[in-house]
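Undergrad: Quick one: sequence plus predicted model below, questions after.
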Amino acid sequence: MSPPRGYDPKPPTGKPAGGKRAPKFSGPATTLTYKIQTAIVAELRQGSTKRMAAALAGTTEARLQNWLRRGREAIESGKRSRYTEFVVEVERAQAEFQKSRVKDALDSISDKTMDGRGARWFLAVTAPKDFTIPREPAAPAGNAHGPLFEVITPDEARAKLDEKLATFIAKHLKAQAAKDVPPEPALEDGDGD
């Protein structure tokens with residue numbers, strides 16, 4: 001990792017004029033120091049989350065996200081600053097850790113004594129776009145009888161209800177007619193007994 005921009009191993013002798021920062025800088029000095037930057041990157045390289053890395057480096061996740069945002073904005077505008085270098089280092093550290101998990105998963109394929117499910121799960125959770133198979137859309141509900149719900153107008157609903165009611169009444173009347181028919185008398189034998 002390169003030292004932060006503007007780092008000079010030989011500090012200028014004497015005090016700055018009036019004990020203030022140079023006039024070309026506006027606003028307060030950044031809290032992103034080389035020590036914090038290296039601590040965060042080292043933790044991310046070992047697999048820590050951004051929140052954990054920030055806490056272990058002595059800062060907050062919100063401040064870390066702010067530094068990353070400023071770095072991405074500077075990259076988009078074509079500028080180079082301490083923040084752009086920080087973004088590059090953070091992304092490199094995360095990629096190195098992810099690569100080590102990919103290596104573990106691949107090693108577990110060839111070495112049957114190794115269980116690679118943890119590495120594969122971690123990759124699927126942390127980078128789902130890269131390490132999961134897109135799911136196919138679920139089959140429509142309704143058990144092949146059509147959709148469960150349809151969007152219809154009130155007139156269409158009334159027509160369907162009338163049609164279903166007419167079908168039901170016709171089936172019901174047919175079943176009733178079959179029940180009400182008297183059974184045919186049994187044929188008697190010619191014996192008369």
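TA: Yep, that arrived.
Undergrad: going forward, measure contacts and count neighbours with C-alpha atoms only.
TA: OK.
Undergrad: number of nearby residues for residue 88?
TA: Using other C-alpha atoms under 10 Å, residue 88 has 15 neighbouring residues.
Undergrad: Is it in a helix, a strand, or coil?
TA: Of the three states, residue 88 takes helix according to DSSP: H, G, I helix; E, B strand; the rest coil.
Undergrad: For the protein, which residue occupies the most central location?
TA: The chain has residue 128 as the residue nearest its centroid, 6.3 Å off, counting by C-alpha atoms, centre = their mean.
Undergrad: distance of that one from residue 33?
TA: To residue 33, residue 128 is 32 Å away according to C-alpha to C-alpha, to the nearest Å.
Undergrad: now swap in residue 73 and tell me
TA: Going from residue 73 to residue 33 by C-alpha to C-alpha gives 19 Å.
Undergrad: same check, this time on residue 122
TA: Residue 122 is 31 Å from residue 33, by C-alpha to C-alpha.
Undergrad: same check, this time on residue 169
TA: From residue 169 to residue 33 the distance is 84 Å (C-alpha to C-alpha).
Undergrad: ok, residue 56 to residue 132 distance?
TA: Taking C-alpha to C-alpha as the measure, residue 56 falls 31 Å from residue 132.
Undergrad: should've said residue 54
TA: On the measure of C-alpha to C-alpha, residue 54 and residue 132 end up 28 Å apart.
Undergrad: Residue 99: neighbour count?
TA: Residue 99: 13 surrounding residues under other C-alpha under 10 Å.
Undergrad: list the contacts for the closest residue to residue 123 other than its chain neighbours?
TA: Closest residue to residue 123 apart from its sequence neighbours, by C-alpha to C-alpha, 6 or more residues apart in numbering: residue 131 at 6.1 Å. Counting by C-alpha atoms under 8 Å, 6 or more residues apart in numbering, residue 131 makes contact with 120, 123, 124.
Undergrad: Sketch out the low-pLDDT regions of the chain for me.
TA: Flagging of the chain using pLDDT under 70 yields the residue ranges 1-29, 138-148, 183, 185-193.
Undergrad: What ranges does this protein have for its helices?
TA: Using DSSP state H, the helices of the chain run over 34-45, 50-57, 61-76, 82-110, 117-126, 128-131, 154-180.
Undergrad: Tell me how far the longest one lies from the chain's centre.
TA: Its chain's average C-alpha position is 19 Å from that of helix 82-110, according to C-alpha atoms, centre = their mean, to the nearest Å.
Undergrad: And for the shortest one?
TA: The gap between where helix 128-131 is centred and where its chain is centred comes out at 9 Å by C-alpha atoms, centre = their mean.
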